[in-house]
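J.: generate coordinates for the sequence data below:
(one chain, ligands or ions: 1)
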Amino acid sequence: MLNEPIPFDPAHDLDALAASGALGGNVALFRQPRGPDLLRRSAPLEEWCALRTRHGVWPYGRTLEGPPAPLATVEGDGLAAAQGINFASQDYLSLASHPAVIDRAMQVLAESGPHSAGSAILLGNSRYSAALEEAIGALLHCQQVVLFPTGWGAAFGAVTALAHPGDHVVIDALAHASLRQGAAAATRNVTVFRHLDCDHLRELLAGIRAVDANGAILVVTEGLFSMDADSPDLPLTQYLCREYGATLMVDVAHDLGSMGPGGSGAIGAQGMLGKIDIVMGAFSKTFASNGGFVACSERSVRRQLQLFAGPHMFSNALSPVQAATVLECLRIATGGEGEGLRADLMRNAVALRALLQEEGMRCMGSPSPIVPLWTGSEAAARIAGMLLARERVFVNPMEFPGVPLGAARLRLQLMAQHTPAQVRRAAPLLAAAVRRALEAPRPVLRASGQA
Ligand code: PMP
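T.: Here you go, the predicted model:
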């Protein structure tokens with residue numbers, strides 16, 4: 001069978017793995033296949049993925065049994081279902097298995113059923129979504145909130161509804177794909193500034209304003225970059241936007257709830273609550289559900305989003321269960337219990353980083369729920385991820401298009417409920433896998449360059 005995994009003995013088989021071609025190639029090679037036959041021209045991509053799957057280095061379609069807990073049962077990646085330490089889920093405050101969250105979801109499921117049955121403007125709202133808008137507004141000190149069925153939709157919808165072909169989008173080089181694709185769909189005037197580089201941003205804004213006094217400029221960045229675990233200088237970024245008549249939008253998908261005083265994320269931590277022009281976020285990380293939002297102070301902007309952000313207008317709204325789940329998570333995250341959970345989460349992040357650094361590993365960014373562990377080469381990330389899965393430590397190896405080519409890494413995501421013992425046990429296994437992967441034989445590149 002094409003996808004049958006090849007048994008692997010790490011002590012002997014790294015040479016064979018390198019020779020197989022499964023460590024070579026990258027997704028970029030297959031992005032735009034050529035030829036008139038749309039149904040068949042993706043065949044090389046399928047062959048490449050199948051080759052990687054057979055060799056246990058395609059970790060992208062695994063399944064989780066049960067909740068995304070620190071100790072989880074994972075199946076796939078060439079392995080039978082196995083229980084192991086899970087650093088591959090984004091349930092930062094462990095709210096997905098919080099009894100109060102589950103109770104609330106079950107109550108509302110029984111009361112309202114599982115379906116929103118309409119987009120937000122066509123009777124898809126519920127009293128829970130109305131209360132959720134208010135709660136998000138209160139946390140962020142922004143009166144106007146629009147909900148979306150996904151964080152992706154919030155990002156893409158906001159950029160495309162607000163920026164037009166005559167406008168400019170100036171975006172951090174490492175911004176999430178939902179924001180970049182929104183920018184590309186909104187206008188051809190998209191300019192990229194070097195990651196977190198406010199001097200470069202200032203230069204670009206000055207250049208745009210020197211030639212275009214009339215177009216709007218939307219500047220886009222994130223509160224916590226999830227592949228790099230770093231944050232921009234938000235006061236300076238917002239100041240620059242004011243100076244050049246631009247509007248700032250900050251995506252807080254990963255930091256809202258999981259960081260900052262009262263769960264206020266990077267914006268609260270930097271003293272900018274109520275002072276950022278537009279805040280956008282997702283419920284899919286800390287808030288145990290799906291969905292997203294955009295928050296701002298102008299009622300007219302809210303209306304513009306409601307009518308012109310496609311994923312709000314033309315996609316079914318959050319279900320009552322999702323809205324009530326997020327509300328309950330917000331209640332916990334913004335209260336005393338949330339402070340305790342964030343302290344546990346940060347204890348884990350600091351400990352894991354320290355242990356990895358003692359092992360000579362390169363952790364990127366600074367303490368946050370995310371610990372990116374650098375490998376650089378895609379081959380090394382693939383090998384390390386595969387070795388770790390066999391040790392029952394589950395991580396997400398990140399390579400293009402999630403990160404730039406040649407900048408692969410393992411993304412470790414921590415939860416409040418990881419125990420210190422789990423972190424201590426995992427650190428040497430992580431370090432050993434990365435070391436072994438970096439020392440492994442170079443992959444064989446086929447003549448086509450594809451594998
Ligand atoms: N923005 C960022 C920064 C993200 O990381 C993600 C998803 N990982 C999204 C937006 C999209 O959110 P969702 O998965 O909730 O659609």
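J.: for Ser126, see how far away the spatially closest residue to Asn290 that is not a sequence neighbour is.
T.: Using CB to CB, 6 or more residues apart in numbering and skipping the chain neighbours, the partner closest in space to Asn290 is Ser284 (5.3 Å). Any C-beta I mention is one placed from the backbone N, CA and C, and that applies to glycine too. Plainly put, Ser284 is 19 Å away from Ser126 if you go by CB to CB, to the nearest Å.
J.: can I assume Ala18 sits in a helix?
T.: Yes - assessed with DSSP: H, G, I helix; E, B strand; the rest coil, Ala18 lies in a helix.
J.: got a list of what the residue of the stretch 1-150 of the chain found nearest the ligand touches?
T.: Scanning the stretch 1-150 of the chain for proximity to the ligand using CB to the nearest ligand atom identifies Thr150 as nearest, at 3.6 Å. Counting by CB atoms under 8 Å, 6 or more residues apart in numbering, Thr150 touches 282, 284, 290-292, 311.
J.: now do the closest residue in space to Gly76 that isn't next to it in sequence, the pLDDT please.
T.: Leaving aside its sequence neighbours, Gly76 sits nearest to Arg62 (CB to CB, 6+ apart; 3.5 Å). Per-residue pLDDT puts Arg62 at 91.
J.: list the contacts for Arg62?
T.: For Arg62, the contacting residues are 74-77, 88, 394, by CB under 8 Å, 6+ apart.
J.: what subset of those is buried?
T.: Buried residues within those, counting neighbours by 16 or more other CB atoms under 10 Å: 74, 76-77, 88, 394.
J.: flag the least confident of the residues you listed.
T.: The member of the buried ones among the contacts of Arg62 with the lowest pLDDT is Asp77, at 69.
J.: dump stretch 241-250 to PDB, restricted to CA.
T.: The C-alpha coordinates for stretch 241-250 follow below in PDB (Å, rounded to 0.1, in the frame of the first residue of the first chain):
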ATOM      1  CA  CYS A 241       0.700  55.400  12.600                       C
ATOM      2  CA  ARG A 242      -0.600  58.600  14.100                       C
ATOM      3  CA  GLU A 243       2.300  60.600  12.800                       C
ATOM      4  CA  TYR A 244       1.700  59.500   9.200                       C
ATOM      5  CA  GLY A 245      -2.100  59.300   9.200                       C
ATOM      6  CA  ALA A 246      -2.100  55.500   9.100                       C
ATOM      7  CA  THR A 247      -4.400  53.100  11.000                       C
ATOM      8  CA  LEU A 248      -3.000  50.300  13.100                       C
ATOM      9  CA  MET A 249      -4.400  46.800  13.300                       C
ATOM     10  CA  VAL A 250      -3.000  44.300  15.800                       C
END
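J.: ok, and what's touching stretch 103-115?
T.: 126, 128, 319-321, 324-325, 327-328.
J.: give me phi/psi at the residue in the chain that the ligand sits nearest to?
T.: Using CB to the nearest ligand atom, the closest approach of the chain to the ligand is made by Gly151 at 2.4 Å. The phi/psi pair for Gly151 (degrees, to the nearest 10) reads phi -70, psi -40.
J.: do I have it right that it meets Phe287?
T.: No - if you go by CB atoms under 8 Å, Gly151 and Phe287 don't touch, sitting 10.0 Å apart.
J.: so which bits of stretch 292-303 are buried?
T.: For stretch 292-303, a neighbour-count test (16+ other CB under 10 Å) marks 292-297, 301-302 as buried.
J.: and stretch 207-224, by the same measure?
T.: Buried residues in stretch 207-224, counted by 16+ other CB under 10 Å: 208-209, 215-224.
J.: likewise stretch 40-47?
T.: For stretch 40-47, by 16+ other CB under 10 Å, it's Leu45.
J.: distance between it and the chain's centre?
T.: Centroid separation for stretch 40-47 versus its chain: 27 Å, with CA atoms, centre = their mean, to the nearest Å.
J.: what stretches of the stretch 51-200 of the chain score poorly on pLDDT?
T.: Scanning the stretch 51-200 of the chain for pLDDT under 70 picks out 77-78.
J.: around the ligand, pick out the residues from it.
T.: Within the stretch 51-200 of the chain, the positions lying close to the ligand (CB under 6 Å from any ligand atom) are 150-152, 155, 176, 178.
J.: quick check: longest helix of the protein.
T.: helix 336-358 (DSSP state H).
J.: tell me the domain ranges of the protein?
T.: Listed domain ranges for the chain are 10-30+39-89+339-439, 99-333 (source: automatic domain parsing).
J.: which stretches in the stretch 151-300 of the chain count as strands?
T.: Assigned by DSSP state E, counting those that start in this stretch, the stretch 151-300 of the chain shows strands spanning 168-172, 190-193, 217-222, 247-251, 278-282, 292-296.
J.: right, and these - which one's nearest Ala81?
T.: Taking CB to CB, strand 278-282 is the member of those nearest to Ala81, at 28.7 Å.
J.: contact partners of that closest one?
T.: Residues from elsewhere that reach strand 278-282, judged by CB under 8 Å, 6+ apart: 136, 140, 142, 150-152, 154-155, 158, 162, 247-253, 256, 265, 267, 291-296, 301.
J.: that one and the ligand in contact?
T.: Yes - for strand 278-282, a contact with the ligand is found by CB under 6 Å from any ligand atom, at Ala282.
J.: partner strands of that strand, with direction?
T.: Strand 278-282 sits in its sheet next to strand 247-251 (parallel), strand 292-296 (antiparallel), going by DSSP bridges.
J.: then that strand to PDB, C-alphas only?
T.: Extracted C-alpha coordinates of strand 278-282, given in PDB (Å, rounded to 0.1, in the frame of the first residue of the first chain):
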ATOM      1  CA  ILE A 278      -8.200  48.100  15.600                       C
ATOM      2  CA  VAL A 279      -7.700  44.900  17.500                       C
ATOM      3  CA  MET A 280      -8.400  41.500  15.900                       C
ATOM      4  CA  GLY A 281      -8.200  38.100  17.500                       C
ATOM      5  CA  ALA A 282      -9.200  34.500  17.500                       C
END
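J.: got the angle for it vs strand 217-222?
T.: 40 degrees (axes from the mean of the first three to the mean of the last three CA atoms, to 10 degrees).
J.: avg pLDDT for strand 278-282?
T.: 98.
J.: equivalent analysis for stretch 378-393, please.
T.: What stretch 378-393 shows for mean pLDDT is 95.
J.: check stretch 324-332 too.
T.: 98.
J.: in that stretch, what's buried?
T.: By neighbour count on 16+ other CB under 10 Å, the buried set for stretch 324-332 is 324-330, 332.
J.: so what touches that stretch?
T.: Residues from elsewhere that reach stretch 324-332 (CB under 8 Å, 6+ apart): 93, 95, 98, 100-101, 104-105, 107-108, 128, 131-132, 135-136, 139, 257, 263, 283, 286-289, 291, 318, 338, 341.
J.: same deal with stretch 127-138?
T.: For stretch 127-138, the external contacting residues (CB under 8 Å, 6+ apart) are 108, 112, 120, 142-147, 281, 293, 295, 317-318, 320, 323-324, 326-327, 330-331.
J.: mind exporting it as PDB, just the C-alpha atoms?
T.: What follows is stretch 127-138 as a C-alpha-only set of coordinates in PDB (Å, rounded to 0.1, in the frame of the first residue of the first chain):
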ATOM      1  CA  ARG A 127     -27.900  36.300  23.400                       C
ATOM      2  CA  TYR A 128     -24.500  34.600  23.900                       C
ATOM      3  CA  SER A 129     -22.900  36.300  20.900                       C
ATOM      4  CA  ALA A 130     -24.300  39.700  22.000                       C
ATOM      5  CA  ALA A 131     -22.800  39.100  25.500                       C
ATOM      6  CA  LEU A 132     -19.600  38.000  24.000                       C
ATOM      7  CA  GLU A 133     -19.200  41.200  22.000                       C
ATOM      8  CA  GLU A 134     -19.700  43.200  25.200                       C
ATOM      9  CA  ALA A 135     -17.200  41.100  27.100                       C
ATOM     10  CA  ILE A 136     -14.500  41.400  24.400                       C
ATOM     11  CA  GLY A 137     -15.200  45.200  24.300                       C
ATOM     12  CA  ALA A 138     -14.800  45.500  28.100                       C
END
